[in-house]
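Trainee: Give the three-dimensional model of this entry:
(chains A, B, C and D)
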Amino acid sequence: MENLLIIILVLMIIAALAAIHAKDLISAVIAQGFVGYGLVICFFLLKAPELALVQIVLETVTLIIILAVIYDSSMKEIGEPIGKRDIVTYSLSFVLVALFLYYFNKAIVGLNPFGEHTLRMSEMYVKEVLELTGSANLVKGVLWDFRGLDTLGEATVLFTAAMSVLVILRISGKKHQLTKK
Amino acid sequence: MEEWIIILFFVIPLFGAFVMPLTYLFSPESPKLITPVITLILLMLSLYSVICQPEQIAYSIGGWKPVDNVPIAIYLVYDGLSGFMLVIINLVAFFSSVYAIKYMEEYTGQKYFYVLMCLMIAGMNGVVLSGDLFNLFVFTEISAKSSYALVAFGVKKDELEASFKYQVLGGMASLIILFGIAMIYWQTQTLNMADISYMLQNAENNIFPVFVQLIFITGFGVKAALIPFHAWLPDAHSSAPSPISAMLSGVLIKTLGVYVIMRLYLSVFQLNESVSIVLLALGGLSMIIGVLLAFGAWDLKRLLAYSSISHIGYIITGLGIGMIMLSRGENHLAATLAFTGSLFHIANHAVFKGLLFLNAGAIEYAANTRDMKQMGGLAKFMPVTLTSSFSASMSISGMPPFSGFFSKLIIILAAVISGFYFIAGLAVIAGIITLSYFMKFQKYAFYNKPSGKSPVKEVPGLMRFSMISLAVLCLLMSVLILPGIRDGFLNPAVNTLMETTEYASKILGR
Amino acid sequence: MEGMSIIVKKIVQLISALIFVFGMYSAIHGHINPGGGFAGGVLLSGAFILLIIAYGLDYFKLKQQTEATSIFESLSILIALLIAFSGLFAGSLYFFNNYFPAGTPGSLISGGLIPIYNVLIGVKVAATLSTIFFALIIYKEEIRR
Amino acid sequence: MTLYILCFILFLVGVYGVLTRRNLIKIVISLTIMEFSVFLMLVLVGYISGGLAPIVVHPEGSDISVVDPLPQTLVLTAAVIAVATNSMVLALAIRLYKKYGTFDIRKINELKG
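Mentor: Purely as a prediction, here's the structure:
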């Protein structure tokens, strides 16, 4: 189980690198889709069918929107001559990555290893959601009862996003007035 | 004071935001009326809560009681610090929304503006009240997302670009914060901030807390625009419509950045000297570099935006000094002084930076330019703008009877008492440079010879009302430091910070 | 925006009906099965988007459609907020008070207010994603003119 | 622990993409990769070996072990927020493309931070 997840994760990392370095945007989008669907498989293996279902539809919608955006553009990735500044950026980011990994490695010593999670806040959720809320799907029970405010907030974020898209896609921001230029 | 009143702080603006697209169908003018009314109600509520002075309210959403002493519901926590922030947020929000009525008339799609503004206020009030780490993240997202859209409201080239930069950096910061939340959950198996604080007290690994705290500094540092992460701020704050710039610079960066850093680092995490030194260094850096960047700016709103970076630096410096003193366990007087200065500067900066952005908007509205070289001679035509911006400029550069003087003085005093002479020197130098570029602003905008354009008119009455009230506040805020009045407003907030991890035991009652 | 060929139209008719039904099922049975409001809402909006792409809808109709969806959007979330707020008046002064009886777990009418929230959020997500997609299409059309 | 480290590497790959890419769409893709890694991290944290999916099929057998439902709830919330982010950034990208005729961020560079 753990080994299978490791293999999938390594593949996802490779796909992510491919997406970032792809020569044209279509292959980048497809590689990104690979990462997303890999995540769906991971969710299934980790016993989260709820998330797998949501992720698969959301990933599809995201892909559709990205494709709609790049549909009639030149899909070529911009040629990137490696200048002096780029070398600095690259070497700096590699140093940072190494540093972060080192400290992450040290920081997680002593935390619960994979699969040996203990319950604290959710112990009561697991035991009593069924009787208290009557929702057979524990995730939904937690989502709409104990953490209902989060969920309302998330719906609000979605509302905000719709309003923002309508704002951003207005053709002109100001009314034309003769007194102003 | 009834406990449930605190949910109204975000329920009312959310209700307004959701109802405005519907009322717009019947009367297109209704959002203009609803938003100021909502912000006025919120301002009244926040003042009422401060006057009632509840010690502390811990309100659980859904009414779930803790099981075996482990809180299971989302908690909303009202204490001195929250009350302090709520008053500032809703004060600036009220004056900005009144100002916006006339200012926004030349824009299209006004209903979206008011909807997004209400959402932003709701998000900020929620951040301040939330006692749950993930809930705090969600509210952060609400206000951040609406501010991204509001920055792009003019949909011109530079506004779109600024918004894109802001969104990418802000989105990255949000994900870094979420990663930090995942790490915290991994260690503590809980999300309630009081419970996290309790669980972190008996953690063994001592690299983990430092790592997580650095992650959160990165995440919330981007939101607060501390110096290495400041790239988005000058663009975003200068591109937004002026009432929104006032909100962004006045309260948003403080709520999403500084307030959360204060709450997490003092009340939730264990105090750690090395992390406090990192904060102090970032604060000092922001203070001086922000000032130097502002000195070279000729675009008025850009100058104000750069100066916001430097003032965030002042606030973080005060916070850092206090944290270092507390973690050393010595000299509590210096820590109290540093926190007082820091919090007082938050309040002052919200008022005078909000006012300055409103002034910049008024100049843009009347003279239709933001470039200081093209202004000139406005003193004759715009007396209200002149006096109010003079009051704000004096306050921001720390001239005596105005409020800015006292907060800067207290921070510098705290630095001297705790032995950080270098930081104190930096603060003094930054203050002098601030004075010089606000003199520049006054001279070029109001006193130079007129640029020869057609004479400009003073802005409409509602805009004047906001500016005059804020200008009066600039003077009156100095009163807050007097002993009697200080106990009502500033001291509860300082005490909340000084209590550090007693926060947890007060909420959980153990 | 023009529609596609008759074959595409027929197939889309069938498929979108299926997607629509599955989306509704998902939203209504959210408290029993995996899925729920979000997945259901995305599926509903997917069915709409498919129909519009296949059949084509002229610009002005699309604008009206966007107004309709944005009304649905604010209405559904407003009702959700009000239901959450109504918890304050049901006995104990708590926001998000789940005051409906819990019912037998596993049956359709159970879970107190959770199914109602699920359906509302399904409508909301469907309306939001359609609004976003319509806005993109309208923008492209306006630019083309 | 290998899984967590790999997850963190995926996160860093996303950060690297955001910081070094010059194409607006590539930046958005890097952001989504960061999102994925954070979601995976949360679910990994909540996994209990031998646990079942948190959906109770037979209410009477309540002593079965299930995986932690809380991180899944968080991911559900965060995933919807991520979709909101993506749609907003993409709407901006399409606007910028129409204004400048390119997705290259070096050419879209009127403001200097």
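
Trainee: and the lengthiest helix in chain A, how far out from the chain's middle?
Mentor: Longest helix in chain A, counting residues (DSSP state H): helix A:84-107. The chain centroid and the centroid of helix A:84-107 are separated by 22 Å, computed with C-alpha atoms, centre = their mean, to the nearest Å.

Trainee: try stretch A:52-65
Mentor: Here stretch A:52-65 shows a centroid-to-chain-centroid distance of 11 Å under the convention C-alpha atoms, centre = their mean.

Trainee: picking that back up, tell me which residues in the next helix or strand after the longest helix of chain A are buried?
Mentor: The C-terminal neighbour of helix A:84-107 among helices and strands, as given by DSSP states H and E, is helix A:123-133. For helix A:123-133, the neighbour count (16 or more other C-beta atoms under 10 Å in any protein chain shown) marks A:123-126, A:129-130, A:132-133 as buried. Any C-beta I mention is one placed from the backbone N, CA and C, and that applies to glycine too.

Trainee: near chain B, from those?
Mentor: Among the buried residues of helix A:123-133, proximity to chain B is found for A:123-125 (C-beta under 8 Å from any C-beta of the partner chain).

Trainee: Kindly reformat those residues as JSON lines containing distance to A:Asp150 and pLDDT.
Mentor: JSON lines is the format used below for these (distance: C-beta to C-beta, whole Å; pLDDT from 0 to 100):
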{"residue": "A:Glu123", "distance to A:Asp150": "19", "pLDDT": "81"}
{"residue": "A:Met124", "distance to A:Asp150": "17", "pLDDT": "82"}
{"residue": "A:Tyr125", "distance to A:Asp150": "14", "pLDDT": "81"}
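
Trainee: ok, so of those, who is nearest chain D?
Mentor: Nearest to chain D among those: A:Tyr125, at 5.8 Å, using C-beta to the nearest C-beta.

Trainee: residue in chain C nearest to chain A?
Mentor: Nearest residue of chain C to chain A, counting by C-beta to the nearest C-beta: C:Ala102, 3.2 Å away.

Trainee: burial measure for that residue, as a count.
Mentor: C:Ala102 has 18 neighbours, counted by other C-beta atoms under 10 Å in any protein chain shown.

Trainee: pLDDT below threshold where in chain D?
Mentor: Judged by pLDDT under 70, chain D has its weakly predicted residues at D:57-64, D:110-113.

Trainee: who in it is up against chain C?
Mentor: Counting by C-beta under 8 Å from any C-beta, chain D comes close to chain C at D:53, D:55-57, D:59, D:76, D:79-80, D:87, D:91, D:94, D:98.

Trainee: what about 7 Å?
Mentor: Counting by C-beta under 7 Å from any C-beta of the partner chain, chain D comes close to chain C at D:55-56, D:59, D:76, D:80, D:87, D:94, D:98.

Trainee: Name the pair among the residues you listed with the greatest separation in space.
Mentor: Using C-beta to C-beta, the residues of chain D next to chain C span at most 55.8 Å, a distance reached by D:Pro59 and D:Lys98.

Trainee: for chain C, what are the nearby residues on chain A?
Mentor: Counting by C-beta under 7 Å from any C-beta, chain A sits next to chain C at A:49-50, A:53-54, A:57-58, A:61, A:68, A:130, A:132-137, A:140-141, A:144-145, A:148-149, A:152, A:155, A:158-159, A:162, A:165-166, A:169, A:171.

Trainee: Run through those and flag the ones next to chain D.
Mentor: Restricting the residues of chain A next to chain C to those near chain D by C-beta under 7 Å from any C-beta leaves A:49-50, A:54, A:58, A:61, A:130, A:136-137, A:158, A:165, A:169.

Trainee: Now tabulate the residues you listed in JSON lines and tack on distance to B:Val456.
Mentor: Below are these laid out as JSON lines (distance: C-beta to C-beta, whole Å):
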{"residue": "A:Pro49", "distance to B:Val456": "65"}
{"residue": "A:Glu50", "distance to B:Val456": "60"}
{"residue": "A:Val54", "distance to B:Val456": "55"}
{"residue": "A:Leu58", "distance to B:Val456": "51"}
{"residue": "A:Val61", "distance to B:Val456": "50"}
{"residue": "A:Leu130", "distance to B:Val456": "69"}
{"residue": "A:Ala136", "distance to B:Val456": "68"}
{"residue": "A:Asn137", "distance to B:Val456": "63"}
{"residue": "A:Leu158", "distance to B:Val456": "43"}
{"residue": "A:Val165", "distance to B:Val456": "36"}
{"residue": "A:Leu169", "distance to B:Val456": "34"}
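
Trainee: what's the lowest-pLDDT member of the residues you listed?
Mentor: Within those, pLDDT reaches its minimum at A:Leu130, with 75.

Trainee: in what helix or strand does B:Ala493 lie?
Mentor: Assessed by DSSP H and E, B:Ala493 sits inside helix B:483-499.

Trainee: quick revisit: return the member of the ones next to chain D among the residues of chain A next to chain C nearest to B:Lys156.
Mentor: The closest of those to B:Lys156 turns out to be A:Leu169 (C-beta to C-beta; 14.1 Å).

Trainee: quick one on the thing from earlier: which members of the residues of chain A next to chain C are classed as buried?
Mentor: For the residues of chain A next to chain C, a neighbour count by 16+ other C-beta under 10 Å gives the buried set as A:49-50, A:53-54, A:57-58, A:61, A:68, A:130, A:132-137, A:140-141, A:144-145, A:148-149, A:152, A:155, A:158-159, A:162, A:165-166, A:169.

Trainee: For residue 48, list the residues it contacts.
Mentor: Since no chain was named, I'll use chain A. By C-beta atoms under 7 Å, 6 or more residues apart in numbering or on different chains, the residues touching A:Ala48 are D:43, D:53, D:72.

Trainee: Oops, wrong one, chain D.
Mentor: Contacts were defined as C-beta under 7 Å, 6+ apart; by that measure D:Ile48 touches A:115, A:117, D:65, D:67-68.

Trainee: Okay, it and A:Ile168: tell me how far apart.
Mentor: Distance of D:Ile48 to A:Ile168, given as C-beta to C-beta, to the nearest Å: 43 Å.

Trainee: what do you get for B:Val50?
Mentor: 38 Å.

Trainee: of these two, who's got more company?
Mentor: Taking neighbours as other C-beta under 10 Å, B:Val50 and A:Ile168 compare with A:Ile168 leading, 28 against 17.

Trainee: hang on, the more buried one packs against D:Ala93?
Mentor: No: the pair A:Ile168 and D:Ala93 fails to qualify as a contact (C-beta atoms under 7 Å) at a distance of 10.0 Å.

Trainee: Briefly note if stretch B:242-254 comes near chain A.
Mentor: No: if you take C-beta under 7 Å from any C-beta as the test, stretch B:242-254 misses chain A, and the best it gets is 11.9 Å.

Trainee: touching chain D at all, that stretch?
Mentor: No: Stretch B:242-254 does not reach chain D (C-beta under 7 Å from any C-beta); its nearest approach is 14.7 Å.

Trainee: What lies in contact with that stretch?
Mentor: Residues contacting stretch B:242-254 (C-beta under 7 Å, 6+ apart): B:88-89, B:92-93, B:96, B:99-100, B:103, B:120, B:124, B:143, B:147, B:150, B:223-225, B:236-237, B:240, B:301, B:304-305, B:308, B:312, B:346, B:350, B:353-354, B:357-358, B:360-361, B:364.
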